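J.: I'll drop the sequence and a predicted model, then ask my questions.
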Amino acid sequence: MKKELLKHINLPKDLRQLKVDDLSYLAKELRDFIINIVAAKEGHLGASLGVVELTIALHYVFNTPDDLLIWDVGHQAYGHKILTGRKDIFETNRQLNGISGFPKRSESEYDAFGVGHSSTSISAALGMAIASQLKGENKHHIAVIGDASIASGMAFEGLNHAGVTDANLLVILNDNAIGIDPSVGALKQYLTNVKKGTEKQDNIFEALNFNYSGPIDGHDLPVLLSELERLKSVKGPKFLHVITTKGKGLKQAEENQVKYHAPGKFNAETGELNTTSSEKLAPKYQDVFGETIVELALKNEKIIGITPAMPTGSSLKYMMEEIPDRAFDVGIAEQHAVTLAAGMATQGLIPFCNIYSTFLQRAYDQVIHDVALQKLPVIFCLDRAGLVGEDGATHHGVFDLAYLNCIPNLVIFAPKDAIALRHIMYTVQLGIDFPIAIRYPRGRGHLLDWKQPFKKIEIGKGECLKKGNKIAILSIGTMFKAIEDAISTIDQKDAIGHYDMMFVKPLDLKLLHHIFKTYKAVITIEDGTIVGGFGSSILSFASTSNYKQKVVTLGIEDKFIEHGKIDQLRKLQKLDVLSIKKELENLLLFVESS
Ligand SMILES: Cc1ncc(C[n+]2csc(CCOP(=O)(O)OP(=O)(O)O)c2C)c(N)n1
Ligand SMILES: CC(=O)[C@@H](O)[C@H](O)COP(=O)(O)O
Ligand SMILES: [Mg+2]
């Protein structure tokens, strides 16, 4: 029966006017609303579909925004956004100048905490609960966290602290037994046993002093409502275990939960994915990594693959399928992944630790203390380096060059294309006595014919791609393509030289001296922050070597970059072909007039 309830709901106060019996109709409408918009505009799907009833129940029972509701990661918060004033602009989700795909404090008073990286919700909610206590406020503080996110170290740290407080904190475990890929680890097994009723040990969460209840069916609105209502009057830290189905309500999303985590465009009526064109495309860098590691590992038994919870995203799944005993998904545990790799390296193994650039931020101390300080030959494959697009500020991999640049012993390499990625992977597994970070972007390169025979790359050596006589462009990584295209559109092509420095660290000093002795101006281009990145190393080189040329540094400006298509964001950052062309033309005028 069609009731058109959602139409009349702008804020939770409107929702609270509904009769309990109407909430299941609202759930259906909310699900359809999410499906219709994500089908056309893309975004995260399965997680939000799974918490439709929970979202309605939470806003119905609790007095948001005075009661503080925190969604862990936040990719499941589409229903929350729609019910909290953003229904009419939800179609701008994740688009340039549109709303963010994640809860964000500056976007709404209902977004109690900004999220995107996982496992922060318990600590943040506890912080708020303690603050409320100190201020004498009587509020509820609710953290909704998934089964994959709760297995992360940070979540345990929050639980461990909360359990010795009397803070008014409710942790809701949204247990659907899957992250992006199926959840892993002993905690996953424990939760499965709890659900089956076969867990005989003490309840872990009770042992941590939480008032535990559940597991309950997270799609049963009356059960959810009465349990949340009951918990409102229970004092101290509480833990509610809720069982849901990721993708609930869309057949394909329930059946293929990995694909429908963020499925791209699909048919809202049938649920079928839009068919991709039959045109042969250059491979994704992820697949170059995934296929190459399998190829190398089949010959070199020391090679290990490690991913913290991103086997599909990183394509390490290929190695997990082919060589399962040497490829590990350790769950959302970036810190552990790095130190696990360090431990393996001490024993002569060759760990390829594949982590998204943005998520390695979590394991910074492990990179310094456990790897670099001990000069252990861990190979970091930093996926999603540079601008990632619609995930936005929480996910851009733009800080890595800056945060890695200052770490002694660490070599930093950025392949300009798929062939270079393949060659560096081959080179490092031959044996190195230092750690290395290999950073490459999200998505496809431009080479169809990338499976070239392996070649060894000389560590610390850059390459001249094109000679010139006035301006030298120094680039790093895949930015080279836009530069090549920009040069091809310029009248004075002969004036421009182009160098792929390949290594941000160590810099090829011989090549740099040659460049600074040959050219009148130098321009550096990178898809990372200008502050502290590759360009700043070149500026420092020029200054310490007493070169007086003008050095222009292009890269990501000193601010958080929001969401949008990668092309749009590159344009805004003046890293697109046209902007580079203009920059070169301006610099040519400057050089000629000076
Ligand atoms: C620190 C960090 N590592 C990895 C990710 C990538 N990531 C986003 S969602 C997700 C899975 C979350 O699973 P779960 O907590 O079970 O939530 P569900 O999607 O099942 O609702 C992962 C690994 C992240 N956001 N943050
Ligand atoms: C919510 C989250 O952190 C992930 O789902 C992320 O959006 C994955 O990004 P990719 O699509 O680049 O793998
Ligand atoms: Mg889950």
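T.: Arrived safely, thanks for sending. As the structure is a prediction and not an experimental result, all values here were calculated from the model. Ligands and ions are numbered 1, 2, ... in the order given.
J.: Geometrically speaking, which residue is the centre of the protein?
T.: Centroid-nearest residue in the chain, with C-alpha atoms, centre = their mean: residue 395, separated by 4.4 Å.
J.: mind checking pLDDT for whichever residue of the stretch 401-550 of the chain sits closest to ligand 3?
T.: In the stretch 401-550 of the chain, the residue that lies nearest ligand 3 is residue 442 (22.5 Å; C-beta to the ion). For glycine as for every other residue, the C-beta is placed from the backbone atoms N, C-alpha and C. At residue 442, the pLDDT value in this model is 97.
J.: What residues does it make contact with?
T.: 285-286, 383-384, 386, 388-389, 397, 566 (C-beta atoms under 8 Å, 6 or more residues apart in numbering).
J.: which SS class is it?
T.: Taken by DSSP: H, G, I helix; E, B strand; the rest coil, the conformation at residue 442 corresponds to coil.
J.: Could you do residue 206 as well?
T.: Going by three-state DSSP: residue 206 is helix.
J.: Show the contacting residues for it.
T.: Counted by C-beta under 8 Å, 6+ apart, residue 206 has contacts residue 212.
J.: next one: the one 4 residues further on
T.: If you count contacts by C-beta under 8 Å, 6+ apart, residue 210 has them with 159, 162-163, 171, 237-239.
J.: So, low pLDDT: which residues of the protein?
T.: 1, 200 (pLDDT under 70).
J.: Would you mark the buried spots in the lengthiest strand in it?
T.: In the chain, with assignment by DSSP state E, the single longest strand is strand 521-529. For strand 521-529, the neighbour count (16 or more other C-beta atoms under 10 Å) marks 521-529 as buried.
J.: The residue of the stretch 351-500 of the chain found nearest ligand 1: how many residues sit nearby?
T.: Residue nearest to ligand 1 within the stretch 351-500 of the chain (C-beta to the nearest ligand atom): residue 359, separated by 4.4 Å. Neighbours of residue 359 under the rule other C-beta atoms under 10 Å: 21.
J.: do the same with the one 5 residues further on
T.: Per other C-beta under 10 Å, the neighbour tally for residue 364 reads 15.
J.: repeat for residue 233
T.: Residue 233: 6 neighbours (other C-beta under 10 Å).
J.: Hmm, residue 351 and residue 345 touching each other?
T.: Yes - contact criterion C-beta atoms under 8 Å: residue 345 and residue 351 qualify, at 5.8 Å.
J.: rewinding a little: mark which of the contacts of residue 442 are part of helices, please.
T.: Judged by DSSP state H, the contacts of residue 442 include 285-286, 566 as members of helices.
J.: related to what we said a few turns ago, which residue sits closest to the residue of the stretch 351-500 of the chain closest to ligand 1 in space, ignoring its chain neighbours?
T.: Closest residue to residue 359 apart from its sequence neighbours, by C-beta to C-beta, 6 or more residues apart in numbering: residue 334 at 5.1 Å.
J.: close enough to count as contact, the one you found and residue 308?
T.: Yes - Residue 334 lies in contact with residue 308 (C-beta under 8 Å); the separation is 4.7 Å.
J.: how about the residues of the stretch 1-150 of the chain near ligand 2?
T.: Applying C-beta under 6 Å from any ligand atom, we find that the stretch 1-150 of the chain lies next to ligand 2 at 44, 73, 75.
J.: Test my guess that the first one contacts residue 261.
T.: Yes - the pair formed by residue 44 and residue 261 meets the contact definition of C-beta under 8 Å, at 6.6 Å.
J.: which of the two has more neighbours?
T.: Between residue 44 and residue 261, residue 44 has the larger neighbour count (other C-beta under 10 Å), namely 26 against 21.
J.: Just give the closest residue to the more buried one, not the sequence neighbours.
T.: Per C-beta to C-beta, 6+ apart, closest to residue 44 is residue 75, 4.0 Å.
J.: Next, give phi and psi for the one you found.
T.: Torsion angles at residue 75 (phi, psi; degrees, to the nearest 10) stand at phi -70, psi -10.
J.: mind listing what it touches?
T.: 44, 47-48, 101-102, 262.
J.: quick one: is the helix or strand containing residue 155 near ligand 3?
T.: According to DSSP states H and E, residue 155 maps onto helix 153-162. No - Helix 153-162 is not in contact with ligand 3 by C-beta under 5 Å from the ion; minimum separation 12.5 Å.
J.: So what touches that helix?
T.: Taking C-beta under 8 Å, 6+ apart as the rule, helix 153-162 contacts 72, 119-123, 125-126, 143, 145, 149, 169, 171, 205, 208, 210, 237, 333, 335-336, 362.
J.: try stretch 179-190
T.: With C-beta under 8 Å, 6+ apart, stretch 179-190 has contacts from 146-151, 177, 199, 204, 258, 261, 309-313, 317, 329-332.
J.: distance of the single nearest residue of the chain relative to ligand 1 from residue 418?
T.: In the chain, the residue that lies nearest ligand 1 is residue 146 (2.2 Å; C-beta to the nearest ligand atom). Counting by C-beta to C-beta, to the nearest Å, the separation of residue 146 from residue 418 is 34 Å.
J.: Between those two, which has more neighbouring residues?
T.: Ranked by neighbour count (other C-beta under 10 Å), residue 146 and residue 418 place residue 146 first, with 31 against 28.
J.: show me what contacts that one?
T.: 47, 72-73, 76, 118, 173-176, 179.
J.: Can you tell me which of those has the most neighbours?
T.: Highest neighbour count within those, by other C-beta under 10 Å: residue 72, with 31 neighbours.
J.: Now which of the contacts of stretch 179-190 would you call buried?
T.: 146-151, 177, 204, 258, 261, 309-313, 317, 329-332.
J.: Mind checking which of those land in helices?
T.: 204, 311-313, 317.
J.: CSV for those residues, including distance to residue 300?
T.: Formatted as CSV, these follow (distance: C-beta to C-beta, whole Å):
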residue, distance to residue 300
204, 40
311, 20
312, 24
313, 24
317, 20
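J.: Is it possible to get JSON lines of the residues you listed that adds distance to ligand 2?
T.: Shown next, in JSON lines, are those (distance: C-beta to the nearest ligand atom, whole Å):
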{"residue": "204", "distance to ligand 2": "26"}
{"residue": "311", "distance to ligand 2": "11"}
{"residue": "312", "distance to ligand 2": "8"}
{"residue": "313", "distance to ligand 2": "4"}
{"residue": "317", "distance to ligand 2": "12"}
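J.: near ligand 1 too, which of those?
T.: Of these, not one also sits near ligand 1 (C-beta under 6 Å from any ligand atom).
J.: for these, which one is nearest residue 299?
T.: residue 317 (20.0 Å; C-beta to C-beta).
J.: Quick check: residues of the chain near ligand 2?
T.: Near ligand 2, when you scan the chain using C-beta under 6 Å from any ligand atom, you find 44, 73, 75, 180, 262, 313, 384, 388, 391, 442.
J.: Which members of the residues you listed are the farthest-apart pair?
T.: Between all members of the residues of the chain next to ligand 2, the farthest pair (by C-beta to C-beta) comes out as 73 and 442, at 17.9 Å.
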